[in-house]
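Peer 1: All I have is the shape, not the residue letters:
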């Protein structure tokens, strides 16, 4: 298994709020190749992944990570895992759906949101 729970949010996920996330480090030979944030919802586990390295060994390790995630979801009584990708300037990544299908994710869709700061008066 290449998943390690962290006590604090990694800088690679600094844009996330603190509320109710668990922070995970994905590693191989004790070197991190990515970070993940997971959060429980009523019947699902929300998943965010940020990879910092890639290669054939990392791809194989991710299969083990998915197995760990499924077991953790079962332990928590969740019916599904919902993967979410936040992309800003780079826009839609056409390889994302193919990548997600390799690891068992289906029912992909595109959700676009925007935000606006409101100045306090």
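Peer 2: Yep, that arrived. The model shown is predicted, which means the values in this text are computed figures rather than measured ones. Numbering: from 1, shown residues only.

Peer 1: which residues sit in contact with residue 3?
Peer 2: By Cβ atoms under 8 Å, 6 or more residues apart in numbering, the residues touching residue 3 are 24, 25, 26, 36, 64, 65, 68, 69. Heads up, the C-betas are built off the backbone N, CA and C, glycines and all.

Peer 1: Contacts only, for the residue positioned nearest the centre of the chain.
Peer 2: Central residue of the chain (Cα atoms, centre = their mean): residue 48, 2.0 Å from the mean position. The neighbours of residue 48, taking Cβ under 8 Å, 6+ apart as the test, are 13, 16, 36, 37, 38, 83, 84, 85, 86.

Peer 1: who's in contact with the host helix or strand of the fourth one?
Peer 2: Secondary structure assigned from DSSP states H and E places residue 37 in strand 31-40. The set of residues external to strand 31-40 that reach it, using Cβ under 8 Å, 6+ apart, is 2-3, 6, 9-10, 12-13, 16, 20-27, 45-54, 58, 61, 65, 69, 72, 76, 78.

Peer 1: So residue 48 belongs to a strand, correct?
Peer 2: Yes - when DSSP: H, G, I helix; E, B strand; the rest coil is applied, residue 48 is found to be in a strand.

Peer 1: In the helix ranked longest in the chain, which of the residues would be classed as buried?
Peer 2: In the chain, assigned by DSSP state H, the helix with the most residues is helix 56-75. Neighbour-count burial for helix 56-75 flags 58, 61, 62, 65, 66, 69, 72, 73 (criterion: 16 or more other Cβ atoms under 10 Å).
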